[in-house]
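build the 3D model from these lines:
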Amino acid sequence: MIGQVPLFILVLGVTLVASLLLPFALKPVLLRLGVIDIPNERSSHQTHVIRGVGLTVTAAILLGLGIAFLTGLVEVDRSVLLIVALTGLSAALLGWIEDFRGLSIKRRAAFQLLIGVLGALALAWTMDQNLLWVAVGALAIAGYINVANFMDGINGISGLHGVVVGVFYALAGYLDDQMWLTIMGAVIAASFAGFLPWNVGRGFVFLGDVGSYLLGGIIAATATAAFLSGTYVEYLFFPVLIYLVDTFSTLVRRIRAGETWYTSHRQHVYQRLIDSGLNHVGAALLVTACTVVVSGCGFVAATAPPPVSVPLFFLMALILAFYLKSPSILARRRVGAAES
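Just a heads-up that it's a prediction; the model follows:
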């Protein structure tokens with residue numbers, strides 16, 4: 001790995017710079033095509049915004065991985081890396097169709113599941129794993145595409161998620177001596193880091209479905225491939241746990257309330273944080289901070305003895321409970337400050 005550091009830095013640098021600069025060329029094109037986000041009942045913004053800039057993140061990932069292939073940085077499991085990339089690309093393509101033309105809920109779900117099945121089948125076949133894992137992998141990929149899409153509702157949240165998960169997956173690859181995973185995680189992190197200034201600065205733009213589908217698809221495909229290759233499940237699961245808990249707790253709450261669960265809404269924890277007084281960046285940073293703490297605890301707990309791992313799991317449970325209650329905590333403090 002030490003001798004490959006210059007090539008590794010080259011891949012990260014090219015990916016970051018491409019993601020940072022490509023929106024200059026893409027924004028006018030999207031504006032002419034009318035790829036504009038119009039606020040609705042789910043939105044946390046009030047003005048029309050250019051969406052679909054996830055295309056540049058997609059291009060940056062492909063460029064970074066292309067250099068990794070051409071320079072020989074990845075010598076083992078190249079086919080695994082290729083399958084993961086193609087799965088993410090397929091998800092991004094579906095998201096672009098949704099951005100540009102729109103799809104019915106049934107068709108969208110069917111294509112997401114198809115992407116999951118094909119990606120998981122290709123991974124299981126290539127890695128000589130039991131094909132029973134295909135169902136699990138397919139549901140994980142299709143499911144997390146939706147999770148990432150549901151959570152992409154405020155500025156900064158998806159970009160930060162891509163950076164944090166990418167960094168932890170790169171670390172998992174390093175600890176597990178899987179170069180393909182290190183490269184994949186690092187490229188994901190660099191590509192979404194390059195998008196962040198466009199999403200949180202003045203004149204901001206959105207990833208769009210092309211970007212959120214890419215985020216969900218490539219993270220889930222990476223996790224599926226790493227799991228099949230024997231990586232600790234704690235390394236893969238805890239970086240996405242906050243997103244999963246937010247999404248599924250919201251889903252359960254809406255179903256119990258008798259609401260139509262698949263319609264647009266503003267009931268996610270991160271959305272209620274906005275309603276409780278935080279701005280977009282503040283809410284995104286809170287989600288990210290909880291993700292970092294939970295992920296760090298999970299990485300240590302994966303190989304630690306029980307006297308260390310048990311308290312860490314208890315701490316993670318406390319963080320999850322705090323996150324779910326954070327909108328109520330913030331709202332009470334806001335009311336208390338107003339009364340005083």
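
could you pull up the residues touching the residue nearest to the spatial centre of the chain?
The centre of the chain sits closest to Leu215, judged by CA atoms, centre = their mean, with a distance of 4.2 Å. Counting by CB atoms under 8 Å, 6 or more residues apart in numbering, Leu215 makes contact with Gly54, Ala148, Asp152, Ser158, His161, Gly162, Phe192, Leu207. Glycine gets a C-beta too; all of them are placed from N, C-alpha and C.

just the closest of these to Gly296, please.
Of all the contacts of Leu215, Gly296 sits closest to His161, with 15.5 Å by CB to CB.

how many residues are close by Leu118?
By the criterion of other CB atoms under 10 Å, Leu118 has 17 neighbours.

contacting residues around the host helix or strand of it?
Assessed by DSSP states H and E, Leu118 sits inside helix 105-126. With CB under 8 Å, 6+ apart as the contact definition, helix 105-126 has outside contacts at 79-80, 83-84, 86-87, 90-91, 94, 98, 103, 129-131, 133-143, 145-146, 217, 220-221, 224-225, 228, 262.

not counting its neighbours along the chain, what's nearest Phe227?
Leu236 (5.8 Å; CB to CB, 6 or more residues apart in numbering).

please apply the same query to Ala189.
Gly166 (2.9 Å).

now swap in Tyr174 and tell me
Nearest one to Tyr174, counting by CB to CB, 6+ apart, is Thr182 at 5.2 Å.

low-confidence ranges in the stretch 1-150 of the chain?
1-3, 40-46 (pLDDT under 70).

quick one: the helices in it, in order.
Under the criterion DSSP state H, counting those that start in this stretch, helices of the stretch 1-150 of the chain are mapped to 5-33, 54-70, 78-100, 105-126, 133-151.

can I get those helices in TSV including distance to Val240?
TSV is the format used below for the helices of the stretch 1-150 of the chain (distance: least, CB to CB, whole Å):
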stretch	distance to Val240
helix 5-33	21
helix 54-70	18
helix 78-100	15
helix 105-126	15
helix 133-151	7
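
downstream of the strand or helix carrying the residue nearest to the centre of the chain, the next helix or strand is which one?
When elements are assigned from DSSP H and E, Leu215 belongs to helix 208-228. Toward the C-terminus, helix 208-228 is succeeded by helix 233-237 as the next helix or strand (DSSP H and E).

average model confidence for that next one?
On average, the pLDDT along helix 233-237 is 98.

now that helix: buried residues?
Neighbour counts over helix 233-237 (16 or more other CB atoms under 10 Å) mark Glu234, Tyr235, Leu236, Phe237 as buried.

now do it: distance to the chain's middle.
Computed by CA atoms, centre = their mean, to the nearest Å, the chain-centroid distance of helix 233-237 equals 15 Å.

also stretch 177-184?
Distance, centroid of stretch 177-184 to centroid of chain: 18 Å (CA atoms, centre = their mean).

quick check: mean pLDDT across that stretch?
The model assigns stretch 177-184 a mean pLDDT of 96.

mind listing what's buried in that stretch?
So stretch 177-184, judged by 16+ other CB under 10 Å, has buried residues Gln178, Met179, Trp180, Leu181, Thr182, Ile183, Met184.

give me the helices and strands touching the helix of greatest length in the chain, please.
If you go by DSSP state H, the chain has its longest helix at helix 306-339. On a contact count with 3 or more CB pairs under 8 Å, 6 or more residues apart in numbering; DSSP states H and E, helix 306-339 meets helix 241-256, helix 269-275, helix 280-303.

contact partners of stretch 83-97?
52, 54-55, 58, 61-62, 65, 103, 108, 111-112, 115, 118-119, 122-123, 126, 141, 145, 149, 184, 208-214, 216-218, 221-222, 225.

how about whatever helix or strand Val164 lives in: buried residues?
Val164 is part of helix 157-175, with elements assigned from DSSP H and E. Going by neighbour count (16+ other CB under 10 Å), the buried part of helix 157-175 is 157-173, 175.

cool, stretch 305-320 as well?
Buried residues in stretch 305-320 (16+ other CB under 10 Å): Ser309, Leu312, Met316, Ile319, Leu320.

how much space between the second one and Gly185?
Right, the one you point to is Leu312. As for Leu312, its distance to Gly185 is 22 Å (criterion: CB to CB, to the nearest Å).

kindly report the same for the first one.
Distance of Ser309 to Gly185, given as CB to CB: 23 Å.

next: the third one.
Distance from Met316 to Gly185, counting by CB to CB: 21 Å.

name the nearest residue to Ala304, ignoring sequence neighbours.
Leu312 (7.0 Å).

right, and the one you found touches Ala302 too?
No: contact criterion CB atoms under 8 Å: Leu312 and Ala302 do not qualify, at 9.6 Å.

low-confidence regions, the stretch 151-300 of the chain specifically.
202-203.

mind listing what's buried in stretch 219-237?
Applying 16+ other CB under 10 Å to stretch 219-237 flags 219-229, 231-232, 234-237 as buried.

oops, could you answer that again for stretch 90-100 instead?
Ser90, Ala91, Ala92, Leu93, Leu94, Gly95, Trp96, Ile97, Glu98, Asp99.
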